[in-house]
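> Have a look at this prediction, sequence included:
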Amino acid sequence: MIKKCLLGLLSLCSAVILFAQDNGQAQMADTMRGSGKIYVVVAVVLAILLGLFLYLVRLDRKITKLERDNRIINS
Amino acid sequence: MKQWWWKILCILLLVYTVTGGFLLEVPALPIIQESIRNLYFHVCMWFGMMILFTISVVHAVRYLGNNRLRSDILSRQYAVMGIVFGVLGYATGIIWASFTWADPNSSTFASFGAIAKDPKLIGAAIALLIYFAYLVLRDSINDIDKRARVSAVYNIFAFAFLFPSIWIIPRLLESLHPGGEGNPALNPRDVDARMRIVFYPAVIGWTLLGVWIATLKIRLQLLKDKSVLEP
């Protein structure tokens, strides 16, 4: 399930990249290339942050499962 | 996930902090320039540290009252997260200071002597070292109940020492660091209104992140020590 979701997301990303390349020749300063390219930095930091959150959420769910299993064994 | 609403709030606030923190307008000041945006990151680390240490000392006091090891585990893990935030605050401060306090005409290393003498830095270092000693003290005692009792008492001492070392003494001495006359981040006249709309959510977001990580470690520790907690 997760793998399928990731694959779908990846294909979506590649579509976006292709779209961006099409536009790049006609228009030099789209959002990502304007304002001294600060948006690129924001995107990078957001990507790191979201990756960390994903990791935390998965860790949280693993511990929740561990707690549940522990309760079942004990009762 | 257990009680997930505040975790989602944490994610949303931090995403807002990063986006708003980089893109929204800030006052233009000499020397500091765009680095004023560090207010959303560096200052929040210290706020988070203070809040986490407060939670830790509350659980230490509760342990002395109820003698339950659960409170000891909570107290310890919150203290560790507070230390992590403090170290991050220090590390970010080093980077910020080397571009705003250091003499731009010579290397940062040449101004090290002047910067390192700053009373705010020394005070924060003393406070953090006292908390490092808390962990060393804990792990040097093998008896579980004695360890919990001694470290709860030490935790109260360490928390009490935070006040002279980071709140009082640095304010009595001259310092390069802002905040000699009160707390500049909390004073509405000192922080620009444009910055407050990002700063307050940022404090809450970073603190919630610290609490989240701490609760994960607490739950793991509670599972590990199950046999001791419920005999």
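Cool, the structure landed.
> Report the separation between residue B:82 and residue B:139.
To residue B:139, residue B:82 is 17 Å away according to CB to CB, to the nearest Å. Any C-beta I mention is one placed from the backbone N, CA and C, and that applies to glycine too.
> more crowded one of those two?
residue B:82 (27 against 10; other CB atoms under 10 Å in any protein chain shown).
> hang on, isn't that one packed against residue B:52?
Yes: counting by CB atoms under 8 Å, residue B:82 does reach residue B:52; the two are 3.7 Å apart.
> Show me what from chain A comes close to chain B.
A:38-39, A:41-42, A:45-46, A:49-50, A:53, A:56-57, A:59-61, A:63-64, A:66-67, A:70 (CB under 8 Å from any CB of the partner chain).
> One more pass at 6 Å, please.
A:42, A:45-46, A:53, A:59-61, A:63-64 (CB under 6 Å from any CB of the partner chain).
> List just the nearest of these to residue B:149.
Nearest to residue B:149 among those is residue A:63, at 28.1 Å by CB to CB.
> Mind listing what's buried along the helix or strand hosting residue A:67?
According to DSSP states H and E, residue A:67 maps onto helix A:38-74. The neighbour-count check on helix A:38-74 (16 or more other CB atoms under 10 Å in any protein chain shown) flags A:39, A:42, A:45, A:49, A:53, A:56-57, A:60, A:63 as buried.
> for stretch B:196-203, same thing?
Here stretch B:196-203 shows B:198-203 as buried, counting by 16+ other CB under 10 Å.
> Report the backbone C-alpha coordinates of it in CSV.
Taking C-alpha atoms only, stretch B:196-203 is exported to CSV below (Å, rounded to 0.1, in the frame of the first residue of the first chain):
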residue,chain,number,x,y,z
ARG,B,196,5.5,38.2,16.1
ILE,B,197,3.0,36.5,13.8
VAL,B,198,5.7,34.0,13.0
PHE,B,199,7.6,34.0,16.2
TYR,B,200,4.9,32.9,18.6
PRO,B,201,3.7,30.0,16.5
ALA,B,202,7.3,29.0,16.0
VAL,B,203,7.9,28.8,19.8
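> wait, does that stretch make contact with chain A?
No: applying CB under 6 Å from any CB, one finds stretch B:196-203 separated from chain A by no less than 12.5 Å.
> who's in contact with that stretch?
Applying CB atoms under 6 Å, 6 or more residues apart in numbering or on different chains, the contact partners of stretch B:196-203 are B:13, B:16-17, B:20-21, B:39-40, B:44, B:47.
> try 7 Å
Contacts to stretch B:196-203, defined as CB atoms under 7 Å, 6 or more residues apart in numbering or on different chains, come from residues B:13, B:16-17, B:20-21, B:24, B:39-40, B:44, B:47, B:185, B:191.
> All good on my end, thank you.
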